[in-house]
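>>> Predicted model follows, preceded by the sequence.
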Amino acid sequence: MWDEGAPWQIHLEPSDKCNAACPMCPRYTKDGFEVDTLANTEWTLEQFKKSFPEDFIKNWLHKILSCGNFGDPCACRDLSKIYQYAREVNPGIALAINTNGSLRTTDWWYDLGTVMRHEQNPGNYCTFSIDGLEDTNHIYRRNTKFDKIIENARAYIAGGGIAHWDFIVFEHNEHQIEQARTLAKQIGFQNFNIKRTGRWASYHEGQGHFPVYTKGEYQYDLKQPKDEVFKHNYEDATLFKNQDRQSFNLEDFKNLSGKPISDQRYVNGKWKTINLRKLTIDCRATPGDRVNQNYNEIYVAANGFLSPCCFLGSEPFKDKNSNDVNFMQMVNLDGGVDAFNIKQNNIYDVINKDLFRKMIPWSWKKKGNLSMRPKKCGACCGVEWNCLDYGELGDKTNSYIEDDNEK
């Protein structure tokens, strides 16, 4: 599935620990309990050195993005050391982080800014996920403190780091967007990215709702913004274009039977079923025109599990009744979860396993084994429709605060 001649980007989950309790995060069940499959672990510098050989970092690695599915990167005590080491091995490497910004001291953030200075690579940045101001950010980013986040951001910027601000819009914070954008500019953020979530549990009179629980006890509802500009919108999607694609024969895989995959989405005021097998796939983890990248991406979880992306990377940690059955069936066919752990196995051996070289790519082909297509491949990387391009990712490339700022 990857271009063997292209450089690589690592999407690393440095830790599956987190101080926050964001209700829509896969870290939590719908009734507010933490999922019980997390390892409660983090990467150490020594583990990173062992799992990512110097020749891979020096000759192939284009960028490290620290984010993840379940944890906050800054919960990893060796994060700054890992980035410093990667830069020593490959001085041209790009370093990026996504965080809620409320962990660590200002001294720690200042030092991180010196490690990630723009002068070292214009692709360096830290994205602070701040969904409101002092009186609203904690409604979604529960357990975080707005003042501490702003202090940490100031320290990081003072150290020479480039800061981005991601703002998920809800009803409770939509009136603060311009005020937050102004504050971001005053502090020194270089990007203010508005994100529109589609993770609503239900819709009432056209407005999305998401009930917030803490260990089974109902707290309040998150609500979709009222301004149509800030709502996710699937209505312009062109669904179900059928295009024949070239395929190849894989005898040991073609007779497997997978689970039917579809998605229920709220489109133009009503629920609609989308057959994810009918979509053309343009994978975000591989070089392609739609995603406008020329590198391969791998996702590596806090425990070392390697997958193509964060969407598939969360599946082994979900309840067996809710994970992607097709993907997990392929993983088990190719040696099981432990065979994909680069803390236990050579990274080159894992990247070259049949799951990535044969099984997943074949499930994308219109003449391949569509019954085995992972649900996330269709839902996240469909060309005719996907759940990410209608607000979830924002419009980061066009959201720089200064129009002439190309950093």
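Okay, I see it. Residues are numbered from 1 along each chain as shown.
>>> pLDDT weak spots in the stretch 301-407 of the chain?
Where the stretch 301-407 of the chain drops to pLDDT under 70, the residues are 390, 396-398, 402-407.
>>> swap that for the stretch 101-250 of the chain, please
233-250.
>>> any chance you could map the strands in it?
Using DSSP state E, counting those that start in this stretch, the strands of the stretch 101-250 of the chain run over 125-129, 163-168, 191-195, 202-204, 207-214, 217-223.
>>> Paired strands for the fifth one, with orientation please.
Spelled out, that is strand 207-214. With DSSP bridges as the test, strand 207-214 is paired with strand 202-204 (antiparallel), strand 217-223 (antiparallel).
>>> most packed of the ones you listed?
Mean neighbour count (mean count of other C-beta atoms under 10 Å) peaks for strand 217-223 among those, with a mean of 14. For glycine as for every other residue, the C-beta is placed from the backbone atoms N, C-alpha and C.
>>> Not counting its neighbours along the chain, what's nearest P225?
E174 (4.1 Å; C-beta to C-beta, 6 or more residues apart in numbering).
>>> who are the neighbours in contact with the one you found?
225-227, 230 (C-beta atoms under 8 Å, 6 or more residues apart in numbering).
>>> Can you select the buried ones from those residues in PyMOL?
A single PyMOL command is used to select the members of the contacts of E174 judged buried by 16 or more other C-beta atoms under 10 Å:
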select buried, resi 225+230
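>>> Now render the contacts of E174 as TSV, adding distance to L112.
TSV is the format used below for the contacts of E174 (distance: C-beta to C-beta, whole Å):
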residue	distance to L112
P225	33
K226	38
D227	35
F230	31
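>>> Of the contacts of E174, which pair is most distant in space?
K226 and F230 (8.4 Å; C-beta to C-beta).
>>> Looks to me like Q9 is in a strand.
Yes - under DSSP: H, G, I helix; E, B strand; the rest coil, Q9 sits within a strand.
>>> number of nearby residues for it?
21 (other C-beta atoms under 10 Å).
>>> for it, which residues make a bridge with it?
K63, E297.
>>> With distance to D107 as added columns, please give the strands of the stretch 101-250 of the chain in TSV.
Formatted as TSV, the strands of the stretch 101-250 of the chain follow (distance: least, C-beta to C-beta, whole Å):
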stretch	distance to D107
strand 125-129	16
strand 163-168	17
strand 191-195	25
strand 202-204	45
strand 207-214	33
strand 217-223	35
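>>> To P260, which of the ones you listed lies closest?
It is, among the strands of the stretch 101-250 of the chain and with distance given as C-beta to C-beta, strand 202-204, at 23.6 Å.
>>> Would you mind listing the outside residues contacting the closest one?
Looking at what lies outside strand 202-204 - C-beta under 8 Å, 6+ apart - the contacts are 208-209, 224, 266.
>>> Quick check: of the residues you listed, which lies closest to I157?
Q224 (32.1 Å).
>>> Next, work out how far apart that closest one and A201 are.
Q224 sits 11 Å away from A201, going by C-beta to C-beta, to the nearest Å.
>>> More neighbours: those two, which one.
Shown here are Q224 and A201; by other C-beta under 10 Å, Q224 has more neighbours (24 against 13).
>>> any idea how far Y140 is from C387?
19 Å.
>>> Identify the residue nearest the geometric centre of this structure.
Centroid-nearest residue in the chain: C310, 5.3 Å away (criterion: C-alpha atoms, centre = their mean).
>>> how about the closest residue to it other than its chain neighbours, what does it touch?
Sequence neighbours aside, Y299 is the residue nearest to C310 in space, at 4.8 Å (criterion: C-beta to C-beta, 6+ apart). Counting by C-beta under 8 Å, 6+ apart, Y299 makes contact with 11-13, 285, 306-310, 312-313.
>>> State the helix or strand in which Y299 lies.
Remark: Y299 resides in strand 296-300, with elements defined by DSSP states H and E.
>>> do the same with Y266
strand 262-267.
>>> how distant is that strand from the center of its chain?
Centre-to-centre, strand 262-267 and its host chain are 21 Å apart (C-alpha atoms, centre = their mean, to the nearest Å).
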